[in-house]
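S.K.: Turn this into a structure:
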Amino acid sequence: MEKKNKAGKVVLIVVIAVAIVFGVSFMPLEKWTGGKIKDFSLFRDIMPDSLLTESDAGELDGLDPELVKAQQQASAVASQLDADGNPLYNDSIMSDVKPSKVDGMVVIEDYTVGEVGLYHFRKAIDEGRLARMTVVGDSYIEGDIFTQNLRENLQSAYGGQGVGYMNMHSDFPGFRRSVKQGGDGWTEYAAAKKGNANYFGISEHYFMPKGNALSTYTGTSQLKHVDSWSVSQFLFISPNSTTIMIKTTGDWKEYPVTGSPEVQCITVNEPTTEFDIRTSDSKLVALGVWLDGEKGVGVDCMSSRGYSGITLTKVDVDLCRKMSKFINYDLIVLEFGINAMTAKQTDYTVYANKIVEVINHVRRCYPAADILLMGIGDRGEKVAGTVRSMRTAPAMIAAQRDAARRAHCLFWDTREAMGGEDAIVRWSSDGRANKDYIHLTHKGGAELGKLMSDALQQMINK
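M.R.: As a prediction, the model looks like this:
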């Protein structure tokens, strides 16, 4: 009987241990600890290769549902042809196009009409006003990874302060190094979720108070130029007359607001290291906060986990035009694609067509902005026990380059800038990328941010 009890205890201990390891495998440890502890997966090295390539990719348990819907609709059509009866996308034509390089550096490819490059962005810099850009993307830039270093380098070159756009709440505020964010009491609305009202600007998010709502933002010294700023702006729609409380480095101040269906903005023009907002009006629609300098360069980070980018076709053009009276853009960078590819798919015709629609729609929202499409970064898959670059990555990049050509915008080959084939393996081995072989660490973000800032400066200065 005693031996049976001991055996039972051993089995129980093993079961509990496996359950703990199983649970830890699904915890976003890196996000919770600000990158100090890496994500762990019990299954990464024991799953069959086919399962690893299809589902062991963090957020990539499946394609963006909006893209799946678009693909299903397209499959009902015999062929994808333009007005002249030609295929809209031809992988065989685009796959052998090589990225442009200057002295070994991957530069921005210019497919704009007349090859005007960064005309609007350069003009803003030359005129000495705030040259504002935003990077709109998926989890690849989540937590300001990559964009924080892109911002730091551009502000070091051309001036500027602050982190630009901030949402009203973050579930993992410690993950971001460029700002200290706090507060609670907000309900988040995202473009990909069903049943949401249409208050979506280019960030594809808005927030509403669910009681006494608070948002706080404090500068940090972990990166250059973000410890303080001189212009703080809060954009919102308030159907009811209400009072919004604002605090910078002093005491709370009341800002009476007259009810209106229009976009309104509270602007505080003073040097500060913090910006806090308090409101309790449940009907108020908070569109976001912008923390910037008066001139130089401002770089926003707008990330949406799991998106393929095609929901941007649903962004409200009229709302963006109204917001642009307060926050306008000279350059919009689109970073998507990871959530639109699989290990087996080689034909990205539908996705390329949708991205052309996205670019043209974004152009309608912000007619005075240059648009740059980023190619996907390198992504890995396990083949016969060895991690290599995903075989379908070149097909996705060819589709993205083709979309940029047809939409007449700029294109930057992110994967080639990282080093091309098997770059993600090298980046993961030395700590520049996570062991999911997709997402960058802060170290990798710093390197990629420097590479893109160099490419932008090369185009600005040539």
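
S.K.: Every contact and neighbour count from this point should use C-alpha atoms.
M.R.: Noted.

S.K.: Which strands or helices does the helix or strand harbouring residue 397 pack on?
M.R.: Per DSSP states H and E: residue 397 is located in helix 393-407. Contacts defined by 3 or more C-alpha pairs under 8 Å, 6 or more residues apart in numbering; DSSP states H and E place helix 393-407 against helix 91-94, helix 349-365, strand 410-412.

S.K.: Mind listing what's buried along the last one?
M.R.: Neighbour-count burial for strand 410-412, counted by 16 or more other C-alpha atoms under 10 Å, picks out 410, 411, 412.

S.K.: Contacts for that strand, please.
M.R.: 106-112, 117, 371-375, 401, 404 (C-alpha atoms under 8 Å, 6 or more residues apart in numbering).

S.K.: before we move on, what about stretch 173-193?
M.R.: With C-alpha under 8 Å, 6+ apart as the criterion, stretch 173-193 contacts 31-35, 66, 143-145, 148, 163, 168-170, 196, 200, 204-223, 226, 307, 311.

S.K.: Kindly export it (C-alpha atoms) in PDB.
M.R.: Extracted as PDB, the C-alpha positions of stretch 173-193 are listed here (Å, rounded to 0.1, in the frame of the first residue of the first chain):
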ATOM      1  CA  PRO A 173       2.500  49.400 -20.300                       C
ATOM      2  CA  GLY A 174       5.900  48.200 -19.000                       C
ATOM      3  CA  PHE A 175       6.800  46.700 -22.400                       C
ATOM      4  CA  ARG A 176       7.300  50.000 -24.000                       C
ATOM      5  CA  ARG A 177      10.600  51.800 -23.200                       C
ATOM      6  CA  SER A 178       9.900  55.200 -24.900                       C
ATOM      7  CA  VAL A 179       7.200  56.300 -22.500                       C
ATOM      8  CA  LYS A 180       5.700  55.400 -19.100                       C
ATOM      9  CA  GLN A 181       2.000  54.900 -19.500                       C
ATOM     10  CA  GLY A 182      -0.600  54.400 -16.800                       C
ATOM     11  CA  GLY A 183      -4.300  54.700 -16.000                       C
ATOM     12  CA  ASP A 184      -7.500  52.700 -16.300                       C
ATOM     13  CA  GLY A 185     -11.300  53.000 -16.800                       C
ATOM     14  CA  TRP A 186     -11.400  52.800 -20.600                       C
ATOM     15  CA  THR A 187     -13.200  50.400 -23.000                       C
ATOM     16  CA  GLU A 188     -11.200  49.800 -26.200                       C
ATOM     17  CA  TYR A 189     -12.700  49.500 -29.600                       C
ATOM     18  CA  ALA A 190     -10.700  48.000 -32.500                       C
ATOM     19  CA  ALA A 191     -11.500  47.900 -36.200                       C
ATOM     20  CA  ALA A 192     -11.400  44.200 -36.700                       C
ATOM     21  CA  LYS A 193     -14.000  43.500 -33.900                       C
END
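
S.K.: Buried residues in that stretch, which are they?
M.R.: Those would be 173-186, 188-192, for stretch 173-193 by 16+ other C-alpha under 10 Å.

S.K.: which one of the helices and strands packed on helix 393-407 is the most hemmed in?
M.R.: strand 410-412 (a mean of 25; mean count of other C-alpha atoms under 10 Å).

S.K.: Partner strands of it, with direction?
M.R.: strand 109-110 (antiparallel), strand 370-374 (parallel) (DSSP bridges).

S.K.: Can you turn the buried part of the contacts of stretch 173-193 into a ChimeraX selection?
M.R.: Buried residues within these, by 16+ other C-alpha under 10 Å, are selected in ChimeraX with:
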select :31,32,34,35,143,144,145,148,163,168,169,170,200,204,205,206,207,208,209,210,213,214,215,216,217,218,219,220,226,307,311
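
S.K.: Can you pull the phi/psi pair for residue 281?
M.R.: Note on residue 281: backbone dihedrals following degrees, to the nearest 10 are phi -80, psi 110.

S.K.: Would you map the helices across the stretch 201-350 of the chain?
M.R.: 317-323, 349-365 (DSSP state H, counting those that start in this stretch).

S.K.: Let me have the ones you listed in CSV, extended by distance to residue 131 and mean pLDDT.
M.R.: Putting these into CSV (distance: least, C-alpha to C-alpha, whole Å; pLDDT from 0 to 100) gives the following:
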stretch, distance to residue 131, mean pLDDT
helix 317-323, 16, 97
helix 349-365, 17, 97
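
S.K.: Make JSON lines out of those and add distance to residue 381.
M.R.: Output for those, formatted as JSON lines (distance: least, C-alpha to C-alpha, whole Å):
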{"stretch": "helix 317-323", "distance to residue 381": "39"}
{"stretch": "helix 349-365", "distance to residue 381": "21"}
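
S.K.: With that, I have no additional questions.
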